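Undergrad: Just the structure for this:
(2 chains)
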Amino acid sequence: MNILSIKGGKVVDTYSNKIIQKDLFIKNGIFVGEKNLTAEFNNATTIDAADKYIIPGLTDLRCHLEQPGLSFQKSVQSISRQGLAGGYTSLLAMPALSSFADNPETLRYFKDSICKDDMLDIHLSGCLTMGTKGDTLAPIGSLKEMGIVAVTDCPNSPQNNQIYLKAVEYASMFDLPILDLPRDYSLSPDASAHESLLSYKLGLKGSPRISEELFVQRSILASKYTNAKIHLTSVSSFGSVELIEKAKRDGIKITSDTTSNHLTYTEDLIEKYDSMAKAYPPFREESDRLRLNEAVQRDTIDSISSGHQQCGFNEKRVEFDLAPYGVLGLEQSFVQLIKNSGDSEKLENSLIKITKKMSEKPREILNLNELKVSEGKTADFFIYDPKAKTKIERDEESTVGQNYPQNSLEISGAVIKTFVKGRCLYDKV
Amino acid sequence: MVIKNKWERKSLIGLEELSEEEINLLLDKAKYFKKLKSLNQKIPESLAGKRIVNLFLEPSTRTRIAFEVAAKGLNADIISIAEKSSSLTKGESLRDTARNIQSLGADAIVLRHSSPGSPLFLSEIVEVPVINAGDGAHEHPSQALLDIFTLREKWGSLKGKKITILGDILFSRVARSNIWGMLKLGAKITLSGPSTLVPKKMEDWGLTVSYNLESAVEDADAIMLLRIQHERQTETHFPSLKEYSKMFGLREGEFELKKNALILHPGPINRGVEIDSKMADSSQSVVLEQVSNGVYVRMAILHFCCNGKV
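TA: This is a model prediction of the structure:
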């Protein structure tokens, strides 16, 4: 029997927008109330969480599991470790698994042989179109029977509007949310950076904002036309925010996320052609970054994803335009967004806001059960210590991806323990 | 700010990183080599015993040959490797190819590559100097230095001079290197050409963008034409060579140029497209001087980057 008590921690509750200090008791992976405590709790393992925060586990909406050049199993294990270290207890896998999630067999293989009980929860998405190529619809109904919770072609997006609209209509028949990473390829052929004065100076082909915004508007119109539940992932331009803001005012049920990295970084990272920081969508300008942050505060943007994509050193450390897209996000996303500079009111407001965007909202978008640190709920949570430090450094000897956007990073505040179903799966040393 | 008036760099990646003093240092050395040649004096064998590798992974004739002639002029050994004869066609990465070349005893690598930023990338991997001979649409420093050398020779200084660069700016490394270098030397730059190839946003660089050819060239002290091609990457950017020539071609008698305005072209020239034959061969054209100056400028680059002794 798995019994645990956590004493003195401050519990973050995004549903009541409150932070309250209380002792917690966990039995068999479920939070139990004090009145239900039995004698066995007298000998339970106790964790002292004084001056620390207890936060419901995070759920990521955009995580790519596959790392080219690494076995799929190893790649998933490493992603799970990174996720747990960042406070995640579940994530939505994008449909490029060991092969594309456009058939029930791939999903069955994944569930039977890849998922292990020492990992975070991996929820599956299915392809919107076969092989994410945008040509023919995937068997979404059969995929739903295998347990997918969303459909998407991410990191691709169907370029043909007819296919997209039909796919959206078809998927919504199964009440599955459709995730789209908006990008019109015809406006950004071979792009490897944000189109700007910097990309002109560097001689890199740019992806202009309009290449994203056109497809943001496409999804807004598709949602209006079909009444489907469309979620735009990883929006990066201030123009996209304006379109989404207007759509929401008009009552269209579109939702969106941006990534923690896009809230933090700008194109400055690639000034010296650092291919490790080559992301899609590309990091844009300070005006975009500020607008995205404001949109998060004003709830125009519903949630925050990691956009996590592992790339091996050999694949990534090549000529910039030849390097694949992809940056890591799971480990640092939560801690780097928390305002932790000594002002406890600011800290707590930021903990509530960011937790809402990274735990409550993504689960709502995916129709997953609520995660709350309260009686009767699954004990998926993590402990955040504002006084500890998070240090991240690229280790070029490692076989798993080290494509952190920055070479090294030190943030005050750290995830120190992460629990999935009451079991501690991450313990910071 | 520390003014660099001696050469302390290992590699030459682009003109963006060079100070005005460093540019002048290179140009002065090129001038010295040119003077020795004109006086029929022996050029010092400053790179005797050095082995230079031309790693040209994109087609090039004049730049490759100019580096070969320059290296031989300083008595260095030079080996040229073209893409088709390199292991890159067998799937070897640039990183491994370059390391192998270094292990074979190269003292410097001259790199031409289609990927922007590849010389910087290479310079972080190998210990020997890397000289950029053109990287995608990023920079082509030796070309810009020879252009600037040619202008400086005519004018003494570029300060306050009006220079118009005309043509496909978007995909041109020659334009970018010239913009960096000429701005540093105090010139005023106007870019002109079709709006699809000359983004207005480039004005934030500290220059003027004009889509009116007449006003772009009428008070220019020099006009630099860029080669216009109508191939895969530009075919969506303007209708046809015929239309380009009609709207932006430099034809004698159609424009009022300044009397002493100079005409430059990095070659190869499409006669009848960006310029008509008469103007290309006129006394205002310095195209052939550019080519011969290219050798002295590249001698200066090799000399400094390879620690040449004089």
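Undergrad: since we're on the residue in the stretch 51-200 of chain A that chain B sits nearest to, how many residues are nearby?
TA: Among all residues of the stretch 51-200 of chain A, residue A:197 sits closest to chain B, at 4.9 Å; criterion: Cβ to the nearest Cβ. (Each C-beta comes from the backbone N, C-alpha and C, glycine too.) Residues near residue A:197, counting by other Cβ atoms under 10 Å in any protein chain shown, number 15.
Undergrad: Same question for residue B:213.
TA: Residue B:213 has 18 nearby residues by other Cβ under 10 Å.
Undergrad: surely it meets residue B:192?
TA: Yes: counting by Cβ atoms under 8 Å, residue B:192 is a contact partner of residue B:213 at 6.0 Å.
Undergrad: what residues are shared contacts of these two?
TA: Counting by Cβ atoms under 8 Å, 6 or more residues apart in numbering or on different chains, the residues touching both residue B:213 and residue B:192 are B:166, B:248.
Undergrad: in which helix or strand would I find the closest residue to residue B:68 other than its chain neighbours?
TA: Nearest-residue entry for residue B:68: residue B:78, 5.3 Å, with adjacent residues in sequence omitted and distances by Cβ to Cβ, 6 or more residues apart in numbering or on different chains. Residue B:78 belongs to strand B:77-82 when assigned by DSSP states H and E.
Undergrad: circling back to that earlier point, quick check: the residue nearest to residue B:68 vs chain A, distance?
TA: 24 Å (Cβ to the nearest Cβ, to the nearest Å).
Undergrad: give me every residue that touches that residue.
TA: B:51, B:52, B:53, B:54, B:67, B:68, B:71, B:72.
Undergrad: And residue B:197, by the same measure?
TA: Contact analysis of residue B:197 by Cβ under 8 Å, 6+ apart lists B:167, B:168, B:169, B:170, B:171, B:234, B:237, B:238.
Undergrad: Pull up the residues of the stretch 51-200 of chain A that are close to chain B.
TA: A:196, A:197, A:200 (Cβ under 8 Å from any Cβ of the partner chain).
Undergrad: Please repeat the previous calculation with a cut-off of 7 Å.
TA: A:197, A:200 (Cβ under 7 Å from any Cβ of the partner chain).
Undergrad: and residue B:133, how many residues sit next to it?
TA: Neighbours around residue B:133, by other Cβ under 10 Å: 28.
Undergrad: wait, doesn't it sit right on residue B:142?
TA: Yes: contact criterion Cβ atoms under 7 Å: residue B:133 and residue B:142 qualify, at 6.4 Å.
Undergrad: where do the contact lists of the two overlap?
TA: Common neighbours of residue B:133 and residue B:142, using Cβ atoms under 7 Å, 6 or more residues apart in numbering or on different chains, are residue B:63.
Undergrad: Which residue is the nearest non-sequential neighbour of residue A:154?
TA: That would be residue A:181: by Cβ to Cβ, 6+ apart, it lies 4.4 Å from residue A:154.
Undergrad: Quick check, pLDDT for the one you found.
TA: Looking at residue A:181, its pLDDT reads 98.
Undergrad: who in the stretch 151-300 of chain B is up against chain A?
TA: Residues of the stretch 151-300 of chain B lying near chain A (Cβ under 7 Å from any Cβ): B:173, B:176, B:199, B:201, B:202, B:204, B:205.
Undergrad: my guess is the fourth one meets residue A:197, correct?
TA: Yes: between residue B:201 and residue A:197 there is a contact at 5.7 Å, judged by Cβ under 7 Å.
Undergrad: circling back to that earlier point, mind listing what the residue of the stretch 51-200 of chain A closest to chain B touches?
TA: Taking Cβ under 7 Å, 6+ apart, one finds B:201, B:202, B:204, B:205 in contact with residue A:197.
Undergrad: tell me the contacts of the last one?
TA: Residue B:205 sits next to A:197, B:179 when contact means Cβ under 7 Å, 6+ apart.
Undergrad: tally of neighbours for residue A:170?
TA: 19.
Undergrad: ignore the last one, residue A:410
TA: Quick note: residue A:410 (other Cβ under 10 Å) scores 9 neighbours.
Undergrad: Skipping adjacent residues, who's closest to it in space?
TA: According to Cβ to Cβ, 6+ apart, the nearest residue to residue A:410 is residue A:391 (5.1 Å).
Undergrad: A strand includes that neighbour, no?
TA: Yes: under DSSP: H, G, I helix; E, B strand; the rest coil, residue A:391 falls within a strand.
Undergrad: and it, how far is that from residue A:85?
TA: Using Cβ to Cβ, to the nearest Å, one gets 12 Å for the distance from residue A:391 to residue A:85.
Undergrad: Mind pulling up the pLDDT for residue B:86?
TA: 68.
Undergrad: Outline the domain layout of chain B.
TA: Listed domain ranges for chain B are B:20-139+B:293-305, B:141-290 (source: automatic domain parsing).
Undergrad: so where do the helices sit in the chain?
TA: Just going to use chain A. A:72-85, A:104-109, A:140-145, A:161-173, A:197-202, A:209-226, A:238-249, A:260-264, A:286-297, A:313-316, A:333-337, A:344-355, A:361-365 (DSSP state H).
Undergrad: if you could check chain B rather than the one you did, that'd help
TA: Counting by DSSP H, the helices of chain B are B:20-38, B:62-73, B:94-103, B:118-123, B:141-155, B:173-184, B:213-218, B:241-248, B:277-280, B:287-305.
Undergrad: can I get those helices in JSON lines with mean pLDDT?
TA: JSON lines is the format used below for those (pLDDT from 0 to 100):
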{"stretch": "helix B:20-38", "mean pLDDT": "96"}
{"stretch": "helix B:62-73", "mean pLDDT": "95"}
{"stretch": "helix B:94-103", "mean pLDDT": "89"}
{"stretch": "helix B:118-123", "mean pLDDT": "96"}
{"stretch": "helix B:141-155", "mean pLDDT": "98"}
{"stretch": "helix B:173-184", "mean pLDDT": "98"}
{"stretch": "helix B:213-218", "mean pLDDT": "94"}
{"stretch": "helix B:241-248", "mean pLDDT": "94"}
{"stretch": "helix B:277-280", "mean pLDDT": "91"}
{"stretch": "helix B:287-305", "mean pLDDT": "96"}
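Undergrad: What's the nearest residue in the stretch 201-310 of chain B when you look at chain A?
TA: Counting by Cβ to the nearest Cβ, the stretch 201-310 of chain B gets nearest chain A through residue B:204, at 4.9 Å.
Undergrad: Show me the one of the domains of chain B that comes nearest residue A:375.
TA: domain B:20-139+B:293-305 (56.2 Å; Cβ to Cβ).
Undergrad: now the end-to-end length of the closest one.
TA: 17 Å (Cα to Cα, to the nearest Å).
Undergrad: how far is that domain from where the chain is centred?
TA: In terms of Cα atoms, centre = their mean, to the nearest Å, the gap separating the centre of domain B:20-139+B:293-305 from the centre of its chain is 13 Å.
Undergrad: re earlier: could the contacts of residue B:78 be laid out in CSV, adding neighbour count?
TA: Formatted as CSV, those follow (neighbours: other Cβ atoms under 10 Å in any protein chain shown):
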residue, neighbour count
B:51, 18
B:52, 27
B:53, 23
B:54, 23
B:67, 27
B:68, 19
B:71, 26
B:72, 15
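Undergrad: Show me which residues of stretch A:96-108 are buried.
TA: For stretch A:96-108, the neighbour count (16 or more other Cβ atoms under 10 Å in any protein chain shown) marks A:96, A:97, A:98, A:100, A:101, A:102, A:103, A:104, A:106, A:107 as buried.
Undergrad: Using CSV, list the CA coordinates for it.
TA: Taking Å, rounded to 0.1, in the frame of the first residue of the first chain, the C-alpha atoms of stretch A:96-108 are listed here in CSV:
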residue,chain,number,x,y,z
ALA,A,96,4.9,11.2,-35.5
LEU,A,97,5.5,8.1,-33.3
SER,A,98,7.7,5.2,-34.3
SER,A,99,5.5,5.5,-37.5
PHE,A,100,2.6,7.9,-38.1
ALA,A,101,-0.4,7.5,-35.9
ASP,A,102,-2.7,7.1,-38.9
ASN,A,103,-3.6,3.5,-38.2
PRO,A,104,-4.8,1.6,-35.1
GLU,A,105,-1.8,-0.8,-35.2
THR,A,106,0.7,2.0,-34.5
LEU,A,107,-1.3,3.2,-31.6
ARG,A,108,-1.7,-0.4,-30.2
